[in-house]
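S.K.: sequence and predicted structure are below.
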There are 2 protein chains.
Amino acid sequence: MPFEDKKKSRVTLLDVARRANVSRATASLVIRKSPLVGTETRARVEEAMRELGYVYNMGAARLRAERSHTVGVIVPNLTNPFFAELLSGIEAVIDSAGMVVILANSGDLVERQDMVMRRMREHGVDGVIVCPAAGTEPAFLHQITEWDLPLVQVLRQISEEVDYAGSDYAAGMRQAVDYLASLGHRTIAFAVHGPIHSAYRERVEGFCDAMQSRGLDPNMIVRLPNQIGEIADAAHLLFSEGKQPTAVICFNDVIALGLSAGLYDRGLKVGENFSLIGFDDVTDAEAMRPRLTSVSTAPVTIGANAARLLLDRLTDPLRPARRVVNETILHIRQSCGPIAISA
Amino acid sequence: MPFEDKKKSRVTLLDVARRANVSRATASLVIRKSPLVGTETRARVEEAMRELGYVYNMGAARLRAERSHTVGVIVPNLTNPFFAELLSGIEAVIDSAGMVVILANSGDLVERQDMVMRRMREHGVDGVIVCPAAGTEPAFLHQITEWDLPLVQVLRQISEEVDYAGSDYAAGMRQAVDYLASLGHRTIAFAVHGPIHSAYRERVEGFCDAMQSRGLDPNMIVRLPNQIGEIADAAHLLFSEGKQPTAVICFNDVIALGLSAGLYDRGLKVGENFSLIGFDDVTDAEAMRPRLTSVSTAPVTIGANAARLLLDRLTDPLRPARRVVNETILHIRQSCGPIAISA
DNA sequence: CTTCGCGTTTAGATCGATCTAAAAGCTTTT
DNA sequence: AAAAGCTTTTAGATCGATCTAAACGCGAAG
């Protein structure tokens, strides 16, 4: 560390300029790596910056240049590992573009979502990636674009006119149904929970379509508690009203984990006399016993896609809205088996 | 939405002032809720703000006022649900203080940590909460405080002279060892993985101390792979070199989940003829079968504590460093049992 | 009538960068 | 030698708020 003036206030571009015997303007060109400035001068300025321990003041720059190098990210729930992975994918891409992520949690509540969106505007983010809270109106998103704030919706699609990154949930459901059908299952339940939003509806519709196109009854949709600890004890709901499913597809891996436990408690052997398919394929799937067969939606990839969509839109705000929907992959492990002959 | 000038550039405080027939200065006092301004005037200004759809420009304010209402958070790994919960606790407290979180991922690499810390400084954060990457030198943290940047270390303690929020890992280990000992276990392994840092050392030392103070051999420390999928297949390492532990304490719940599967694969019945204790007590613990007994470190609480420490320091930068160490709780479920008589 | 005090309002400088348009150097033409 | 054409550098205005110190209006005190 070379000698610095600690007691004095922060060192500014003007200080650097003086030390290097150039003007403020020239120094500014150097930091921004403009090709205009001469090689020798550039070296002198960079040397001065190092000597003085200069740090760029983004805030001042943003005021003039109208770019904050900042991206807002709004998610409905941070504690869910799925969103954590999503966030990780977003952060990686945004970071490598030299920008930073401003994070906010909407708690899946539209009022809080309004709040944090206002805050993001005040902080002057260059754009926003939002997983819209359940119940979000298209008007909310249109409002944002009318503010000229670049926007990407992720995971949940509210408006056709706004960029979207997600996964092909319906196709994923079809993969799950097809796989179970190929094993001989004909009575298949669908276990759901959580708030109702587009991703929810896509999965439900995907399930129903896939079942119907095979002539199977799509009406065994069972709603389970949201709390992970309560799911296991609700496993009996699968068999209420005299239904006898031989397999269940889960809305996500959290449910699959809970039901796996609940079915075990009831003496059923998952993968032998009962089949279970998860959705999302989070890291735990591999560590469960039996290993969970799950439809992989690759949250990190979705996050990265969303971030790239936003970066593209930043460079061209007028480009028409795009959808980036990545393919799901059925990851077959051990939690499904052929239908038991006896049943 | 009242009539706005969409095509024109953003509406500024001066516009508001003009509309309300006051000066820029008065309008400024109104937004900042100063008691100086008259009731009637305040109402008129607020009305004008509403009519024009004014949004506060934090960037401009920060430049003058030297406060950005922004807090940097640096974590080593976002995909780990433990850090996601930690982040959630931080975000909630920071948000309710009217500030926002700027997020960065160090990937547990000191070079990247340097990078992102620089970026945070450039963005003018008011303070930083950092879970230091493995191998972080105390000098790194001291450097930050010399920059007059309020700082809190979370989960991992590098320097005594900097605020710290964490959990009493050593006490947690003692709880685990005591519990197993009370069930009659005498040969207890400790399964670890991951990078070496203060939290790692605290747990190892806590384990060794607790074992020794009961006259038990503390040398059965077994290192497992970092990848969750590989942990199960490494369960045999517990029994290498002819050792015959009857119980294992895990460094975290990720290992516990993996080992639970691996032990199952080897035909051992966890909770009956083998005992398993996790550490952290993440949400999955409840959903495992058998339900995982785990030492709860309450990541959300730690995060909230860290955020509060930072807010306190923001208001009083000279206050001496504090440590907020929250108590662990042994959450007893089903994965431990009395030592098998036959053994 | 002037002075003082008090609550309210304001003009003008300021924060630290960027941007524009023009100037200063330098070489090459005419 | 002057003009033209480069490349490189610069002065000064500017972004939108905050801060300081002074002014203003008005009733009470001297």
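M.R.: Ah, there it is.

S.K.: so how many other residues sit close to residue A:150?
M.R.: A count of neighbours around residue A:150, defined by other CB atoms under 10 Å in any protein chain shown, yields 24. In short, each C-beta sits where N, CA and C put it, glycine included.

S.K.: one more: residue A:128?
M.R.: 24.

S.K.: give me the buried positions along the helix or strand containing it.
M.R.: Taking DSSP states H and E as the definition, residue A:128 sits inside strand A:127-130. Residues of strand A:127-130 classed as buried: A:127-130 (neighbour count, 16 or more other CB atoms under 10 Å in any protein chain shown).

S.K.: stretch A:296-316 too?
M.R.: A:296-311, A:313.

S.K.: helices - which of those land there?
M.R.: Using DSSP state H, the subset of those located in helices is A:299-311, A:313.

S.K.: which parts of chain A sit against DNA strand C?
M.R.: Selection of chain A residues close to DNA strand C by CB under 7 Å from any atom of the strand yields A:9-10, A:12-14, A:24-25, A:28, A:31-32, A:54, A:56-57, A:60-61, A:63-65.

S.K.: in helices, which of those fall?
M.R.: Counted as lying in helices by DSSP H, out of those, are A:13-14, A:24-25, A:28, A:31, A:60-61, A:63-65.

S.K.: are any of those buried, and if so which?
M.R.: Neighbour counting over these (16+ other CB under 10 Å) leaves A:13, A:28, A:60-61, A:63 as the buried ones.

S.K.: any idea which residue sits dead centre in chain A?
M.R.: residue A:86 (3.4 Å; CA atoms, centre = their mean).

S.K.: contacting residues for it?
M.R.: By CB atoms under 8 Å, 6 or more residues apart in numbering or on different chains, the contact list for residue A:86 reads A:75, A:131, A:154-155, A:299-300, A:302-303.

S.K.: now render the buried residues of strand A:127-130 as TSV, adding distance to residue B:19 and pLDDT.
M.R.: TSV is the format used below for the buried residues of strand A:127-130 (distance: CB to CB, whole Å; pLDDT from 0 to 100):
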residue	distance to residue B:19	pLDDT
A:127	29	97
A:128	28	98
A:129	34	98
A:130	31	98
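
S.K.: related to what we said a few turns ago, just checking: which of the buried residues of stretch A:296-316 also lie near chain B?
M.R.: residue A:300 (CB under 8 Å from any CB of the partner chain).

S.K.: which stretches of the stretch 201-343 of chain A form helices?
M.R.: Assigned by DSSP state H, counting those that start in this stretch, the stretch 201-343 of chain A shows helices spanning A:228-231, A:253-265, A:284-287, A:299-315.

S.K.: which residue, other than its chain neighbours, is closest to residue A:87?
M.R.: Excluding the flanking residues, the one nearest residue A:87 by CB to CB, 6 or more residues apart in numbering or on different chains is residue B:78, at 5.8 Å.

S.K.: before we move on, the earlier item: for the ones in helices among the buried residues of stretch A:296-316, which one is nearest chain B?
M.R.: residue A:300 (7.4 Å; CB to the nearest CB).

S.K.: mind telling me what element the closest residue to the closest one other than its chain neighbours is part of?
M.R.: With CB to CB, 6+ apart as the criterion, residue A:300 has its nearest non-adjacent residue at 3.8 Å, and that residue is residue A:89. Assessed by DSSP H and E, residue A:89 sits inside helix A:81-96.

S.K.: buried ones in that helix?
M.R.: Buried-residue list, helix A:81-96, by 16+ other CB under 10 Å: A:81-95.

S.K.: just how off-centre is the helix or strand following it within its chain?
M.R.: Using DSSP H and E, the helix or strand that follows helix A:81-96 towards the C-terminus is strand A:100-105. Here strand A:100-105 is found 12 Å from its chain centre; the criterion is CA atoms, centre = their mean, to the nearest Å.

S.K.: same question for strand A:100-105, mean pLDDT?
M.R.: In this model, strand A:100-105 carries a mean pLDDT of 98.

S.K.: remind me what that strand packs against, helices and strands.
M.R.: Where contact means 3 or more CB pairs under 8 Å, 6 or more residues apart in numbering or on different chains; DSSP states H and E, strand A:100-105 is packed against strand A:70-75, helix A:81-96, helix A:110-122, helix B:81-96, strand B:100-105.

S.K.: what residues are up against the closest residue to residue A:288 other than its chain neighbours?
M.R.: Excluding its sequence neighbours, the residue lying closest to residue A:288 (CB to CB, 6+ apart) is residue A:260, at 6.2 Å. Counting by CB under 8 Å, 6+ apart, residue A:260 touches A:270, A:276, A:288, A:292, A:335, B:287, B:289.

S.K.: could you rerun that using 7 Å?
M.R.: A:270, A:276, A:288, A:292 (CB atoms under 7 Å, 6 or more residues apart in numbering or on different chains).

S.K.: lowest-confidence member of these, which is it?
M.R.: When the contacts of residue A:260 are compared by pLDDT, residue A:288 scores lowest at 82.

S.K.: and it, how many neighbours?
M.R.: By other CB under 10 Å, 28 other residues sit near residue A:288.

S.K.: how far away is it from residue B:129?
M.R.: Remark: distance between residue A:288 and residue B:129 (CB to CB, to the nearest Å) = 33 Å.

S.K.: just how off-centre is stretch A:121-140 within its chain?
M.R.: On CA atoms, centre = their mean, the centre of stretch A:121-140 falls 14 Å from the chain's centre.

S.K.: got it, and stretch A:267-280?
M.R.: With CA atoms, centre = their mean, you get 27 Å for stretch A:267-280.

S.K.: span of it from start to end?
M.R.: Stretch A:267-280 has an end-to-end distance of 26 Å (criterion: CA to CA, to the nearest Å).

S.K.: please apply the same query to stretch A:27-41.
M.R.: Span of stretch A:27-41 from end to end, CA to CA: 9 Å.

S.K.: so which bits of that stretch are buried?
M.R.: So stretch A:27-41, judged by 16+ other CB under 10 Å, has buried residues A:27-30, A:37, A:41.

S.K.: now swap in stretch A:197-209 and tell me
M.R.: Counting neighbours by 16+ other CB under 10 Å, one finds that the buried residues in stretch A:197-209 are A:197-200, A:202-204, A:206-208.

S.K.: give me the mean pLDDT for it.
M.R.: Stretch A:197-209 carries an average pLDDT of 96.

S.K.: could you list the residues in contact with that stretch?
M.R.: A:134, A:155-158, A:169-170, A:172-174, A:177, A:190, A:194, A:218, A:221, A:249, A:251.
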